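Visitor: A structural model of the following input is requested.
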Amino acid sequence: MKQFDLDNLIENKQLVEQKLIEFREKDILKNQPIDEMEVQGHIQKSEHNLRFIQDNLKLGYFDWCLTGCYYTVYHSALALLIRRGFTSKNHYATLCVLIKEYYNNGISKEDILLIDRFFLDYQDLTFYVESKNKREEATYSTKRMFDKKLVELLRIKAALFVDKVKGILNNKP
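Guide: So this is what the prediction gives:
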């Protein structure tokens, strides 16, 4: 998502409401009963992914670490959505719900930007895999080398985000 569009969403409550209505009409965003077991399951999955990242950093699989960072943040975001009675499989819809339900109530603009960055980094990472039909092409693409320092920074940010989400879920933002 372009920075301008994201800033516009963050600052414009009416736009967020309009987008949420559109997402519901298109069945991109759905209501679901609040399920605390599912909320906790997503948090446990986030914590599991953090351990995966830590183990794979030592092995040098930085591309997989980036994927782990994405899923860490994604599962934490899903926990927040479920706590408010929503389910979404769309980046844009997820951001809209987070902005409506949590912005300035535990989630900051920096957190929203972080989530968006993780989604975009993951999209960059998986571009070759999704766009190629043959396994060989995906296996031999050049998009496997990532800077260890960048991945470590993203791991730390993902861990801090999980901690923040756990605080919000426990009503301690």
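
Visitor: residues making contact with the helix or strand hosting Leu160?
Guide: Take DSSP states H and E as the rule and Leu160 turns out to sit in helix 148-169. Contact with helix 148-169 is made by 39, 43, 46-47, 49-50, 53-54, 57, 60, 62, 65-66, 68-69, 72-73, 76-77, 79-80, 83, 102, 106-107, 111, 114-115, 118, 121, 173, as judged by CB atoms under 8 Å, 6 or more residues apart in numbering. For glycine as for every other residue, the C-beta is placed from the backbone atoms N, C-alpha and C.

Visitor: Give me the buried positions along it.
Guide: 151, 154-155, 157-159, 161-162, 164-166, 168-169 (16 or more other CB atoms under 10 Å).

Visitor: With stretch 44-59 instead?
Guide: Quick answer for stretch 44-59 (16+ other CB under 10 Å): 45-47, 49-50, 52-53, 56-57.

Visitor: Just put the residues you listed in CSV and tack on distance to Arg24 and secondary structure.
Guide: Shown next, in CSV, are the buried residues of stretch 44-59 (distance: CB to CB, whole Å; DSSP: H, G, I helix; E, B strand; the rest coil):
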residue, distance to Arg24, secondary structure
Lys45, 26, helix
Ser46, 26, helix
Glu47, 31, helix
Asn49, 29, helix
Leu50, 32, helix
Phe52, 34, helix
Ile53, 34, helix
Asn56, 38, helix
Leu57, 40, helix
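
Visitor: Kindly indicate which of those lies nearest Lys89.
Guide: Lys45 (15.4 Å; CB to CB).

Visitor: With Phe23 as the reference, measure out to that closest one.
Guide: 24 Å (CB to CB, to the nearest Å).

Visitor: before we move on, what about Gly85?
Guide: For Gly85, the distance to Phe23 - CB to CB - is 14 Å.

Visitor: who's more crowded, the two?
Guide: For Gly85 versus Phe23, neighbours defined as other CB atoms under 10 Å are more numerous around Phe23 (20 against 14).

Visitor: What would the helix or strand encompassing the more buried one look like as PDB? C-alpha coordinates only.
Guide: Following DSSP H and E, one finds Phe23 within helix 13-25. Included here for helix 13-25 are C-alpha records, laid out as PDB according to Å, rounded to 0.1, in the frame of the first residue of the first chain:
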ATOM      1  CA  LYS A  13     -12.400   7.500   9.900                       C
ATOM      2  CA  GLN A  14     -15.100   7.900   7.300                       C
ATOM      3  CA  LEU A  15     -12.900   6.300   4.700                       C
ATOM      4  CA  VAL A  16     -12.100   3.400   7.000                       C
ATOM      5  CA  GLU A  17     -15.900   2.900   7.600                       C
ATOM      6  CA  GLN A  18     -16.600   3.100   3.900                       C
ATOM      7  CA  LYS A  19     -13.900   0.500   3.100                       C
ATOM      8  CA  LEU A  20     -15.100  -1.800   5.900                       C
ATOM      9  CA  ILE A  21     -18.600  -1.700   4.400                       C
ATOM     10  CA  GLU A  22     -17.200  -2.500   0.900                       C
ATOM     11  CA  PHE A  23     -15.100  -5.400   2.300                       C
ATOM     12  CA  ARG A  24     -18.200  -6.800   4.100                       C
ATOM     13  CA  GLU A  25     -20.300  -6.600   0.900                       C
END
